[in-house]
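# following is a predicted model, sequence given first.
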Amino acid sequence: MRLHVLTLSPEAFPWLGEYGVVGRAVRAGRVELRTWNPRAYTDDPHGRVDDRPYGGGAGMVLRAEPLARTLEAVRAVDPALARVVCLTPHGRRFVQADAERLAASGPSLALVCGRYEGMDERFVETYADEELSIGDFVLSGGETAALVVLDAVVRLLPGVVGDPASLADESFGGQGLAAPVYTRPSVWRGRTVPEILLGGDHAAIERWRREEARARTGRRRPDLLDAEGSPDPPPR
Ligand code: SAM
């Protein structure tokens, strides 16, 4: 998959290629991550990409033209670009089902990071297939949001996570939250691991995990359960 990020801070992205399974996928060439800086595509002789908001008010707004030109440059090298996602605080809330959908959305994807007071709305209306928010808070720029989305998407691509079974019973995959996990030693600072996990009865362990997951979901995220208390399939 080719991932294009339109950003005024390309320096925020290289570390994505340096850690964990996502880093391995980037280094192995399973995903190609490319950043595009609108400053290089601006029509302004002084290289400016922002301007004052119409109607007055604080801050600056990212101009539509540099963003449009940058995206056109992406399309020129990658005509197969399947989807353009703008990161905005007023976008739809990004959830695991979106990560799954984007991971399956095609050979390439572009993420557009805003800055200042945001992007000129006309750019978003013209080019965005969708707007995503990573939560009800305001970041100073879309870069951290893009990193969140990229991490969540890339780890779902085929072959990125070594054992695909580890994706099967994760939180938000349709089973509510995942069950608690433990590792050695079996007694740590006086606290023991639940006995059942030490016994080797795999069917019983599976049952215990399902029950624990459901109980935890009921306590912490009842919104993920349906009226009967069963995990609700995630919204798609
Ligand atoms: N003035 C805007 C508002 O109040 O909605 C906030 C703009 S914010 C300071 C600058 C940029 O950060 C946005 O254009 C967007 O790209 C990004 N951003 C901020 N919060 C975000 C969030 N929760 N999810 C995704 N992107 C976000």
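Received the coordinates, thanks. Residues are numbered from 1 along each chain as shown.
# when you work out contacts or count neighbours from here on, use the C-alpha atoms and nothing else.
OK.
# what sits up against the top helix by length along the chain?
What stands out as the longest helix in the chain, according to DSSP state H, is helix 202-220. By C-alpha atoms under 8 Å, 6 or more residues apart in numbering, the surrounding residues in contact with helix 202-220 are 175-180, 196-197, 224-225, 229-231.
# just the mean pLDDT for that helix, thanks.
What helix 202-220 shows for mean pLDDT is 96.
# out of the contacts of helix 202-220, which is most surrounded?
Top of the contacts of helix 202-220 by neighbour number is Gly176, holding 28 neighbours under the definition other C-alpha atoms under 10 Å.
# need the contact list for that residue.
213-214, 217, 221, 224-225, 231-232 are the contacts of Gly176 under C-alpha under 8 Å, 6+ apart.
# now the residues you listed in JSON lines, with distance to the ligand?
Listed next are the contacts of Gly176 as JSON lines, based on distance: C-alpha to the nearest ligand atom, whole Å:
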{"residue": "Ala213", "distance to the ligand": "28"}
{"residue": "Arg214", "distance to the ligand": "29"}
{"residue": "Thr217", "distance to the ligand": "24"}
{"residue": "Arg221", "distance to the ligand": "20"}
{"residue": "Leu224", "distance to the ligand": "21"}
{"residue": "Leu225", "distance to the ligand": "25"}
{"residue": "Pro231", "distance to the ligand": "26"}
{"residue": "Asp232", "distance to the ligand": "25"}
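# let me know whether Arg30 touches Met1 as I believe.
Yes. At 6.7 Å, Arg30 and Met1 qualify as touching, with contact defined as C-alpha atoms under 8 Å.
# can you pull out the strands in this protein?
2-6, 32-36, 50-51, 61-62, 83-93, 108-113, 130-133, 187-188, 191-192 (DSSP state E).
# can you list the buried residues in stretch 208-222?
By neighbour count with 16 or more other C-alpha atoms under 10 Å, stretch 208-222 contains the buried residues 208-210, 212-218, 222.
# same thing with stretch 129-143?
Quick answer for stretch 129-143 (16+ other C-alpha under 10 Å): 131-135, 139, 141-143.
# show me what the helix or strand bottoming out on mean pLDDT in the chain is packed against.
Using mean pLDDT, DSSP states H and E, helix 165-168 stands out as the lowest-scoring helix or strand of the chain, at a mean of 83. Using 3 or more C-alpha pairs under 8 Å, 6 or more residues apart in numbering; DSSP states H and E as the contact test, no helix or strand touches helix 165-168.
# contacts for stretch 59-76, please.
With C-alpha under 8 Å, 6+ apart as the criterion, stretch 59-76 contacts 4, 6, 36-43, 49-53, 81, 114-123, 127.
# and it, what's its mean pLDDT?
Stretch 59-76 comes out at a mean pLDDT of 98.
# any residue of it touching the ligand?
No. Contact of stretch 59-76 with the ligand (C-alpha under 6 Å from any ligand atom) is absent, the minimum separation being 8.3 Å.
# for that stretch, which positions count as buried?
Quick answer for stretch 59-76 (16+ other C-alpha under 10 Å): 60-71, 74.
# repeat that for stretch 187-199.
Buried, per 16+ other C-alpha under 10 Å, within stretch 187-199: Leu197.
# quick one: end-to-end distance for that stretch.
End-to-end span of stretch 187-199 (C-alpha to C-alpha, to the nearest Å): 15 Å.
# again with stretch 96-111
Termini of stretch 96-111 sit 17 Å apart (C-alpha to C-alpha).
# kindly report the same for stretch 16-32.
Start-to-end, stretch 16-32 (C-alpha to C-alpha) is 11 Å.
# in it, which residues are buried?
Of the residues in stretch 16-32, those buried (16+ other C-alpha under 10 Å) are 16-17, 21-27, 30-31.
# for the residue lying farthest from the centre of the chain, phi and psi?
Relative to the centre of the chain, the most outlying C-alpha is that of Gly190, 38.1 Å out, by C-alpha atoms, centre = their mean. Backbone torsions for Gly190, taken as degrees, to the nearest 10, come to phi 80, psi 0.
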